[in-house]
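A.B. asks: Here's my sequence, what's the structure:
(one chain, ligands or ions: 1)
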Amino acid sequence: MAGSRDSIANTIRVSFLVCLVCAVVVSTASVGLREAQHDNRMQYRQVNILRAAGLYEPGMDLREAFQRIERRFVEFDTGRYVDMPEDYDPMRAARDPARSRPVAPDPAGIRRQPHVGEVYLAWSEAGELERIILPVHGYGLWSTLYGFLALQPDADTVAGIGFFEHGETPGLGGEIDNPRWQAIWDGKRLLDDDGDLAIRVIKGAVPDGATNREHLIDGLSGATITTEGVNRLVRFWVGDQGYGPYLEHRRDAYRDNEAT
Ligand SMILES: Cc1cc2nc3c(=O)[nH]c(=O)nc-3n(C[C@H](O)[C@H](O)[C@H](O)COP(=O)(O)O)c2cc1C
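C.D. replies: Now for the predicted structure:
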């Protein structure tokens, strides 16, 4: 009896049954939790969009807050809004050669860019545009940084920045999550008076006497490579290859609106 329990055939049978039971449990959990995982991811994204825009308060009703956030799709080349299916995913499109192109030159390590990106527009209760929120990403030191850059309705003044995913070192590159560093971005301007791209994260602190302080952000000490990555990715996404043409249209619309 003891011999048959310890037989090779029985060992294989028991191992197979244990594997089968575990596989059923894991796949049931995976399928059953798929919707919850999707909801959690969406919620996390929404919190980060609101956070970058400076519109997030802990404990707020996310569903209600997000009713005033509109998602639009933008063709990078023309900077014009285009219609896309609700489930369009720019990151997935970037992996599809038919819907994307290689980035060249590629100072921010982006590799492929979809033809169509997304923007989020935050509207006030009175129906006025409050923020333009751009998804941004690019390479730091160890990882790709994913975040949002929020602009004021003039499409030139920064309202906030935040990263929701990166693998930089806590205490060094990870300090891009530090609210005190992020606060420096508030009010900085993308363009100089000639309309040229002027925003820049520099190495070290911005000197007191610098005449172009309104465009400069202090680099994080001990994290020059990560902060140079942030510099490059921000300049890429607000520049000509990124949302530049779109922001140009928004600036025109803002000026027309101010003039009336
Ligand atoms: C374990 C370890 C982790 C590091 N992590 C980062 C990082 O996340 N971001 C970064 O820019 N530099 C990081 N560095 C430092 C870089 O290697 C480099 O020295 C630094 O970016 C130079 O910045 P500094 O000129 O401000 O000193 C790390 C270094 C070590 C040894």
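
A.B. asks: Using the three-state scheme, assign G54.
C.D. replies: G54 falls in the coil class when you classify it by DSSP: H, G, I helix; E, B strand; the rest coil.

A.B. asks: pretty sure it is touching D186, no?
C.D. replies: Yes - taking contacts as C-beta atoms under 8 Å, G54 lies within contact range of D186: 7.4 Å. Any C-beta I mention is one placed from the backbone N, CA and C, and that applies to glycine too.

A.B. asks: Mutual contacts of these two, please.
C.D. replies: Shared contacts of G54 and D186 (C-beta atoms under 8 Å, 6 or more residues apart in numbering): A159, G160.

A.B. asks: per-residue pLDDT, R63?
C.D. replies: What the model reports for R63 is a pLDDT of 89.

A.B. asks: Check the gap between it and the ligand for me.
C.D. replies: Separation of R63 from the ligand (C-beta to the nearest ligand atom, to the nearest Å): 35 Å.

A.B. asks: Next up, the contacts around that residue.
C.D. replies: R63 neighbours (C-beta under 8 Å, 6+ apart): none.

A.B. asks: Any buried residues in whichever strand or helix holds it, and which?
C.D. replies: Secondary structure here is read from DSSP states H and E; on that basis R63 sits in helix 62-66. With burial defined by 16 or more other C-beta atoms under 10 Å, the residues of helix 62-66 counted as buried are A65, F66.

A.B. asks: Export only the CA atoms of that helix, formatted as PDB.
C.D. replies: Coordinates of the C-alpha atoms in helix 62-66 are reproduced here as PDB (Å, rounded to 0.1, in the frame of the first residue of the first chain):
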ATOM      1  CA  LEU A  62     -13.400  61.100  -8.600                       C
ATOM      2  CA  ARG A  63     -16.400  60.300 -10.800                       C
ATOM      3  CA  GLU A  64     -17.800  63.800 -10.200                       C
ATOM      4  CA  ALA A  65     -14.500  65.600 -10.600                       C
ATOM      5  CA  PHE A  66     -13.800  63.700 -13.800                       C
END
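
A.B. asks: distance between it and the chain's centre?
C.D. replies: When distances are taken as C-alpha atoms, centre = their mean, to the nearest Å, helix 62-66 is centred 19 Å away from the chain's centroid.

A.B. asks: show me where the stretch 51-200 of the chain has helices.
C.D. replies: 62-66, 90-93, 179-185 (DSSP state H, counting those that start in this stretch).

A.B. asks: elements contacting the longest one?
C.D. replies: Under the contact definition 3 or more C-beta pairs under 8 Å, 6 or more residues apart in numbering; DSSP states H and E, helix 179-185 sits against strand 158-165.

A.B. asks: how about the strand it packs on, does it reach the ligand?
C.D. replies: No - Strand 158-165 does not reach the ligand (C-beta under 6 Å from any ligand atom); its nearest approach is 12.3 Å.

A.B. asks: and that strand, what does it pack onto?
C.D. replies: So strand 158-165, by 3+ C-beta pairs under 8 Å, 6+ apart, packs with helix 34-52, strand 144-151, helix 179-185.

A.B. asks: Just name the most buried of these.
C.D. replies: For the helices and strands packed on strand 158-165, the largest average neighbour count (mean count of other C-beta atoms under 10 Å) is found in strand 144-151, namely a mean of 23.

A.B. asks: Show me what that strand pairs with in its sheet, parallel or antiparallel.
C.D. replies: Looking at strand 144-151 with DSSP bridges, its partner strands are strand 129-139 (antiparallel), strand 158-165 (antiparallel).

A.B. asks: okay, the ones you listed, which one's buried deepest?
C.D. replies: Each of the strands paired with strand 144-151 was scored by mean neighbour count; the highest is strand 129-139, a mean of 22, by mean count of other C-beta under 10 Å.
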